[in-house]
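Participant: give me a 3D structure for the following:
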Amino acid sequence: MARQRLPMRAVAAQVLQAVSDGQSLAQALPTGLAQVAESERSQLQALCYGTCRWYHRLNAELKSRLHKPLKKGDRITVPLILVALFQIRHSRQADYAVVNETVEAGRSLGKPHLAGLINAILRAALREGEPEPANDADRLSHPEWMTEKLRHNWPERWQAILEGNNDQGPMTLRVNARQQSREDYLKALGEVGITAIATPFAEQGIQLERPCSVDQLPGFDIGAVSVQDEAAQLCTQLLDLHPGQRVLDACAAPGGKTCAILETAEDLQVVALDQSDERMVRVRENLDRLQVDAQLLTADAAQLEHWWDGQPFDRILLDVPCSASGVVRRHPDIKLLRREEDIPALADIQLNLLEQLWTTLKPGGRLVYATCSVFPQENHRIIQRFMKAHADAALTMPDLAWGLDTGAGRQLFPERGSHDGFFYACLTRIDHPSANQATSS
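Facilitator: Modelled structure (predicted):
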């Protein structure tokens with residue numbers, strides 16, 4: 001006998017419970033999508049992403065309405081109610097349907113004894129409206145530690161950063177310059193009724209007025225264009241690539257930047273390195289779609305003896321593992337998964353990677369250090385620490401129209417209707433450093 005499908009809200013609750021238990025949405029959502037009808041999958045995804053985006057504010061409301069904590073065995077009821085509160089506060093779903101279907105979803109999850117509680121909480125939420133959040137963290141729907149860290153790091157920008165995190169980022173494309181110009185691709189989009197504009201900073205970037213399926217993009221299947229945020233595209237301009245160069249893309253998966261490098265100049269010898277076999281499959285798929293090639297290696301980039309052949313690189317892109325605090329709007333589960341104690345540990349990894357890969361760079365070569373973080377501890381402070389210890393390193397940032405000059409690289413913040421948060425620093429290895437070169441930045 002075929003197993004009866006769970007209601008979509010019940011599946012959403014299970015996905016969100018998995019996120020609360022430590023899985024990312026990318027890990028938990030595929031299991032949920034497989035449990036619902038194809039016609040419900042886009043709505044399930046929207047419910048899970050939206051509830052994560054507003055989780056802290058919704059959870060503060062729920063706590064104010066619960067007179068006593070739920071028993072451990074009933075904790076699935078929490079994400080179930082949060083999904084309903086998200087719909088009440090942020091969707092056009094009929095209120096009566098949200099309440100009735102959430103109560104039934106609770107029954108399907110084996111919690112019929114909580115039907116009255118679920119009904120009472122949701123009807124009170126409708127009757128009384130949303131309560132005033134008690135603090136900035138709840139108001140802006142972020143964990144308290146992240147709110148306070150950003151307030152301390154960026155006293156004039158913290159609120160704009162948090163508000164930007166609560167927006168959905170635009171869909172941005174990178175045009176393959178080896179196939180056509182950006183202007184020609186804008187015309188091609190117009191011919192199929194897709195409205196778009198050129199990005200102001202990324203030379204090959206196009207921002208769509210509204211997101212669409214990649215199947216609607218002309219030439220996507222043959223590599224004419226790729227989906228990539230404008231901030232992420234800037235790495236190739238900073239690398240200053242020229243034909244014949246040997247280039248390392250460290251921490252390369254899923255391969256978007258590897259492909260961008262190969263689109264920028266011909267006859268490049270590109271090595272794409274990542275420590276995950278599973279993620280390297282994505283790199284290969286992206287390379288094949290664009291009909292370009294690179295040497296793919298699976299290893300920990302910091303363990304040179306496991307992968308480096310001793311031949312130095314002209315250019316290195318070091319896009320280090322980071323908190324991803326600059327891309328929360330695209331990955332709202334970061335608000336639930338990231339912890340304050342993660343940041344010092346990540347900073348140690350980042351500095352070690354920079355130290356190790358520096359030895360593989362040719363004298364006169366350029367290394368671009370990149371993160372999708374907005375925390376200085378992962379960004380310009382890493383560069384400052386590195387420069388103090390390396391007389392052979394010079395900060396060589398070009399004159400740029402974007403980002404905030406930190407004195408040791410440029411910081412981009414998530415902008416409403418524009419790019420994500422990113423950090424970049426360009427370091428050149430000096431052949432014969434002067435005695436005071438290490439402090440020249």
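Participant: now the strands for the stretch 51-200 of the chain?
Facilitator: 172-175, 196-198 (DSSP state E, counting those that start in this stretch).
Participant: show me the contact partners of the longest one.
Facilitator: Under the contact criterion Cβ atoms under 8 Å, 6 or more residues apart in numbering, strand 172-175 has outside partners 181-182, 185, 196, 199, 202, 204-208, 217, 224-230, 233, 256, 260, 263, 419. All C-beta atoms are positioned from the backbone trio N, CA, C, and that covers glycine.
Participant: E38 is nearest to which of the strands of the stretch 51-200 of the chain?
Facilitator: Smallest distance to E38 across the strands of the stretch 51-200 of the chain (Cβ to Cβ): 26.1 Å, for strand 172-175.
Participant: list the strands paired with the closest one, with their directions.
Facilitator: Strand pairing for strand 172-175, determined by DSSP bridges: strand 205-208 (antiparallel), strand 225-227 (antiparallel).
Participant: picking that back up, of all the strands of the stretch 51-200 of the chain, which lies closest to E132?
Facilitator: Nearest to E132 among the strands of the stretch 51-200 of the chain is strand 172-175; the distance by Cβ to Cβ comes to 35.9 Å.
Participant: what's the average pLDDT for the closest one?
Facilitator: Strand 172-175 shows a mean pLDDT of 98.
Participant: may I have it exported as CSV, CA atoms only?
Facilitator: What follows is strand 172-175 as a C-alpha-only set of coordinates in CSV (Å, rounded to 0.1, in the frame of the first residue of the first chain):
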residue,chain,number,x,y,z
THR,A,172,22.5,38.3,-12.0
LEU,A,173,24.2,36.8,-15.0
ARG,A,174,27.7,36.7,-16.3
VAL,A,175,28.0,36.8,-20.0
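Participant: from the contacts of strand 172-175, which would you call buried?
Facilitator: Among the contacts of strand 172-175, the ones that count as buried by 16 or more other Cβ atoms under 10 Å are 182, 185, 196, 199, 202, 204-208, 217, 224-226, 228-230, 233, 256, 260, 263, 419.
Participant: circling back: possible to save the strands paired with strand 172-175 as TSV with mean pLDDT and distance to R107?
Facilitator: Output for the strands paired with strand 172-175, formatted as TSV (pLDDT from 0 to 100; distance: least, Cβ to Cβ, whole Å):
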stretch	mean pLDDT	distance to R107
strand 205-208	98	42
strand 225-227	97	40
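Participant: let me see the contact set for L351.
Facilitator: Applying Cβ under 8 Å, 6+ apart, we find L351 in contact with 382, 385-386.
Participant: please, which helix or strand holds it?
Facilitator: helix 342-358 (DSSP states H and E).
Participant: downstream neighbour of that helix in the secondary structure list?
Facilitator: strand 361-371.
Participant: which elements pack onto that next one?
Facilitator: Using 3 or more Cβ pairs under 8 Å, 6 or more residues apart in numbering; DSSP states H and E as the contact test, the elements touching strand 361-371 are helix 230-239, strand 313-319, helix 342-358, strand 422-429.
Participant: redo these as TSV? Include distance to A10 and mean pLDDT.
Facilitator: TSV is the format used below for the helices and strands packed on strand 361-371 (distance: least, Cβ to Cβ, whole Å; pLDDT from 0 to 100):
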stretch	distance to A10	mean pLDDT
helix 230-239	36	96
strand 313-319	38	98
helix 342-358	31	98
strand 422-429	38	97
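Participant: any weak-confidence spans in the stretch 301-441 of the chain?
Facilitator: 433-441 (pLDDT under 70).
Participant: isn't I316 right up against C251?
Facilitator: No. I316 lies out of contact with C251 (Cβ atoms under 8 Å); the separation is 10.8 Å.
Participant: who's more crowded, those two?
Facilitator: Ranked by neighbour count (other Cβ atoms under 10 Å), I316 and C251 place I316 first, with 27 against 22.
Participant: what residues are up against the more buried one?
Facilitator: I316 neighbours (Cβ under 8 Å, 6+ apart): 247-248, 250, 357, 360-361, 365-368.
Participant: centre of the chain to the helix holding L351, how far?
Facilitator: 19 Å (Cα atoms, centre = their mean, to the nearest Å).
Participant: any idea how far A252 is from the residue lying closest to R178 once chain neighbours are set aside?
Facilitator: In this structure, R178 finds its nearest non-sequential neighbour in E263, 5.4 Å apart by Cβ to Cβ, 6 or more residues apart in numbering. The gap separating E263 from A252 is 15 Å, by Cβ to Cβ, to the nearest Å.
Participant: now swap in R282 and tell me
Facilitator: 10 Å.
Participant: then R339?
Facilitator: To A252, R339 is 26 Å away according to Cβ to Cβ.
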